[in-house]
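> The amino acid sequence is not available; the structure is as follows:
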């Protein structure tokens with residue numbers, strides 16, 4: 001009976017870790033692509049600031065998670081981190097907006113010619 005309980009705990013931990021990773025990746029990549037839409041001359045610096053901010057945030061989150069684990073159980077640590085992430089990401093998602101007009105990285109013109117995908121036999 002004890003073995004089944006420990007397997008359920010490890011499955012819960014694995015699922016929570018997987019879902020947390022997917023959610024944070026979706027948040028990060030949405031924010032990481034925005035500087036390339038707004039900055040044309042200093043695009044690399046803007047993107048570098050976003051990536052370094054993510055690294056600092058990950059380090060701070062690791063310290064906070066360690067401190068929470070010492071004071072709370074694992075379940076309450078996950079809940080607290082979820083509330084922290086909601087408090088940070090919800091206002092950010094309301095503020096982050098992409099530009100309607102996208103600027104090409106180099107050169108100009110079409111990025112992809114959609115006419116090449118048209119099937120002439122179906123027309």
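Right, received. Where do you want to start? In this text the structure is predicted, and so the values were computed from the model without any measurement.
> Tell me the spacing between residue 74 and residue 13.
7 Å (CB to CB, to the nearest Å). (Each C-beta comes from the backbone N, C-alpha and C, glycine too.)
> what does residue 32 give?
Computed with CB to CB, the distance linking residue 32 and residue 13 is 27 Å.
> pLDDT weak spots in the chain?
Regions of the chain meeting the criterion pLDDT under 70 cover residues 1-8, 98-123.
> 80 instead?
Scanning the chain with the threshold set as pLDDT under 80 gives 1-9, 12-13, 16-17, 20, 23-33, 36-37, 93, 96-123.
> Do a quick rundown of the helices in it.
2-33, 35-38, 43-71, 74-95 (DSSP state H).
> Which neighbouring elements make contact with the second one?
If I follow you right, that is helix 35-38. Secondary-structure packing of helix 35-38 (3 or more CB pairs under 8 Å, 6 or more residues apart in numbering; DSSP states H and E): helix 43-71.
> so how far is the helix it packs on from its chain's centroid?
For helix 43-71, the gap between its own C-alpha mean and the chain's C-alpha mean amounts to 12 Å (CA atoms, centre = their mean, to the nearest Å).
> Out of the helices of the chain, which one sits most buried?
Across the helices of the chain, averaging neighbours per residue (mean count of other CB atoms under 10 Å) puts helix 35-38 on top, at a mean of 16.
> chain center to stretch 86-102: distance?
12 Å.
> what residues does that stretch touch?
Stretch 86-102 is contacted from outside by 27, 30, 31, 34, 37, 38, using CB atoms under 8 Å, 6 or more residues apart in numbering.
> Adding distance to residue 95, write these out as a markdown table.
Below are the contacts of stretch 86-102 laid out as a markdown table (distance: CB to CB, whole Å):
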| residue | distance to residue 95 |
| --- | --- |
| 27 | 13 |
| 30 | 12 |
| 31 | 10 |
| 34 | 10 |
| 37 | 14 |
| 38 | 13 |
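> Pick out the most distant pair among those.
By the measure CB to CB, 27 and 38 form the most distant pair in the contacts of stretch 86-102, at 18.2 Å.
> I am finished for the moment; much appreciated.
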